[in-house]
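# Could you look at this predicted model? Sequence included:
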Amino acid sequence: MRQSELFTKTRREAPKDEVAKNAQLLIRAGYIHKEMAGVYSFLPLGLRVFNNIEHIIREEMNAIGGQEVVLTALQDPNLWSKTDRWRSAADIWFTTKLSSGVDLGLAFTHEEPLTALMTEHISSYKDLPKYVYQFQTKFRNELRAKSGILRMREFVMKDLYSFSRTEAEFRIFYEKCAAAYKKIFDRSGVGEKTFRTFSSGGSFSKFSDEFQTVCESGEDTIYVHEGKGIAINKEVYTDEVLAELGVAREDMKEMTAIEVGNIFPLGTRFSEPLGLVYKDEKGVSQPVYMGSYGIGPGRVMGTIVEVLADTKGIVWPKEVAPYPVHLVSITSGNKDVAMAADTLYDLLAENGIETLYDDRDLRAGEKLNDADLIGIPTRIIVSEKTMSEGAVEVGNRADGSKVMVRESNIIEHLSE
RNA sequence: CGGGGUGUCGUAUACCGGUAGUACGCUUGCUUUGGGAGCAAGUAGACCCAGUUCGAUUCUGGGCACCCCGACCA
């Protein structure tokens, strides 16, 4: 992608009404646009990052047997009445009406519709277990949207639902999914700071596991045992829980964190009222044992920015970066440099290396500052200086290191 | 939803009961060119509705929007 063609522009200053680091940097670098409080559009670079995160999640969900679907955002209140959630969740619903006057809801989660849907496909123990997931827009009427893209009113969530015969069978998948989540956060570059955290189960169950990324701008307080890698959410931080997890209060460190994912047992909370049952080996009807597993790719994106950005701008890990390589020409008005950079851009493309190419006719300072802000991991600079050495400069955004690489070796160097 | 705050060119800011200024951006020209360069000439602005006033961007009231703290958060 030639930067001269990219419709988004960087900004020197953040909008005055954005305080969250993630929003300030993502807006300045042209990744997102604020539509209104808690509602953001994703622009070309932002969408690429979002898609990369989605891709990681999709791969890991497929690897544990997930089957992808897309359910609807418009929801039938009748279904929600069966689980008694149409009214109980009223404060979070965005609701609307058909022209006939019938109430509709905009989905804020999908237990009800998916459970109801599965009754058409699950009837025998032979049909289980099954794992179904989607990336879908959720609408939540949060009383207060905040923290940029960390808490939005409209956002995409990956939600997976497991359908198992028994609690024991459910538990096996639950642990598999926890391991998959670990991989997802590792690949997203925040693995080191993300803890599986013992938490309350909200209205669904006694407990759940949240994945909490330690970060100053987090909303949650957790207690971490660094040696054992055990973390407990403040909401369930009791002597009883400490004893159960085999850790002592004095070894726990208080930290603030961002909840980037959670997994929890649903039991038969939804299968019973919605009639999702199967016949066991003896022909006896049994309710399906369910679990729920969520990650918001947008929130992961914001968290990466919060955790990894430095004073110059965003720092993307390789797998989520909008482009792996940022080619920057510093022409100083020299057409030969521009031509050499064009040639290198073509070479990279021929070798399947997706590149953001800053071919704009600007001074070096502006281009380099923009590159810092945008945060692509590898930067290649072509200038009079590098040409005189018959090489290009390859820089690392994260640690600031630079090496000169002969142009004939560049592809080999990048594929290392 | 309770409390607090803020609305001025595209962005960030200043001042003011009477002519709204600056920087960046953008346009044109010249110079410059490895860390947001210089000169010159342009471009563009008071959230909305009332009220007070000779006159309101400024004061008052209402609305709307946004931000922060709290509560809430499958």
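Ah, there it is. Numbers count the residues shown, from 1 in each chain, chains lettered A, B, ... in the order given.
# Partner strands of the helix or strand A:T221 falls within, with direction?
Per DSSP states H and E: A:T221 is located in strand A:220-225. Its sheet considered, strand A:220-225 pairs with strand A:230-233 (antiparallel), strand A:253-267 (antiparallel) by DSSP bridges.
# Output the below-cut-off pLDDT ranges for chain A.
Counting by pLDDT under 70, chain A contains low-confidence ranges at A:202-205.
# Domain-wise, how is it divided?
Domain assignment of chain A by automatic domain parsing yields the ranges A:21-308, A:325-414.
# how about the residues of the stretch 301-416 of chain A near RNA strand B?
Residues of the stretch 301-416 of chain A lying close to RNA strand B by C-beta under 7 Å from any atom of the strand are A:312, A:330-333, A:363-366, A:368-370, A:372-373, A:381-386, A:393, A:402. (C-beta placed from N, C-alpha, C; glycine too.)
# can I assume A:D91 sits in a strand?
No: applying DSSP: H, G, I helix; E, B strand; the rest coil, one finds A:D91 to be coil, outside a strand.
# Near it, how many residues? Count them for me, please.
Neighbour count for A:D91, taken as other C-beta atoms under 10 Å: 10.
# What separation do you get for A:M157 and A:G296?
According to C-beta to C-beta, to the nearest Å, A:M157 and A:G296 sit 5 Å apart.
# who has more neighbours, those two?
More crowded of A:M157 and A:G296, by other C-beta under 10 Å: A:G296, with 25 against 21.
# Might you report the residue contacts of the more buried one?
A:F155, A:V156, A:M157, A:K158, A:V260, A:G261 (C-beta atoms under 8 Å, 6 or more residues apart in numbering).
# Give me the buried positions along stretch A:200-213.
The neighbour-count check on stretch A:200-213 (16 or more other C-beta atoms under 10 Å) flags A:S200, A:G201, A:F204, A:F207, A:S208, A:D209, A:E210, A:F211, A:Q212, A:T213 as buried.
# Please identify which two of these are farthest apart in space.
A:F204 and A:T213 (22.6 Å; C-beta to C-beta).
# Does RNA strand B have contacts with stretch A:3-10?
Yes: interface with RNA strand B: stretch A:3-10 contributes A:T10 (C-beta under 7 Å from any atom of the strand).
# nope, stretch A:83-93 is what I meant
Yes: using C-beta under 7 Å from any atom of the strand, stretch A:83-93 reaches RNA strand B at A:A89, A:D91, A:I92.
# How many neighbouring residues does the first one have?
Neighbours of A:A89 under the rule other C-beta under 10 Å: 17.
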